[in-house]
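In: Fold the following, please.
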Amino acid sequence: MDECARRKLFFNGQGNRQPSAVTTSSAIAITVSAANVAPAVSITSPANNASFTTGSTVTINANATDSDGTVAKVEFFQGTTKLGEDLTTPYAFAWTSVPAGNYSITVKQPII
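Out: Coordinates of the predicted model:
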């Protein structure tokens, strides 16, 4: 539709604005939530640089919290190899018969 035709529809013959019909939709509800806060997880024992003898059982203890969610489990890793997981607090894993070597131990708490 050209500009002239739009103006004819909008104004009556005397140049007065014509009332227009307005339709309103039904209301909808929305929720705006704060961004997810990352959980916190840390190894509580053994201490960093602890030493053990070959064949020892090394018990790894961890603390995990999630201020805006739930801790479902804590996973225990040696490098990229998953050693195990614990589903309940206190979070711990007993790594048995550990061979001689230097290891990097980490724990992870998946975000739910």
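In: For this protein, give me the ranges with low pLDDT.
Out: Residue ranges of the chain with pLDDT under 70: 1-20, 112.
In: tell me the SS of the spatially closest residue to K108 that is not a sequence neighbour?
Out: Excluding its sequence neighbours, the residue lying closest to K108 (CB to CB, 6 or more residues apart in numbering) is E75, at 4.6 Å. Yep, even glycine has a C-beta here, placed from its N, CA and C like the rest. With DSSP: H, G, I helix; E, B strand; the rest coil as the basis, E75 sits in strand.
In: Specify the beta-bridge partners of E75.
Out: E85, K108 (DSSP bridges).
In: Could I get the contacting residues of it?
Out: 82, 84-85, 107-110 (CB atoms under 8 Å, 6 or more residues apart in numbering).
In: redo that, cut-off 10 Å
Out: Residues in contact with E75 (CB atoms under 10 Å, 6 or more residues apart in numbering) are 41, 62, 82-86, 91, 93, 106-110.
In: cool, Q78 as well?
Out: 58, 60, 95, 98, 101, 103-106.
In: L83 - how many residues pack around it?
Out: 19 (other CB atoms under 10 Å).
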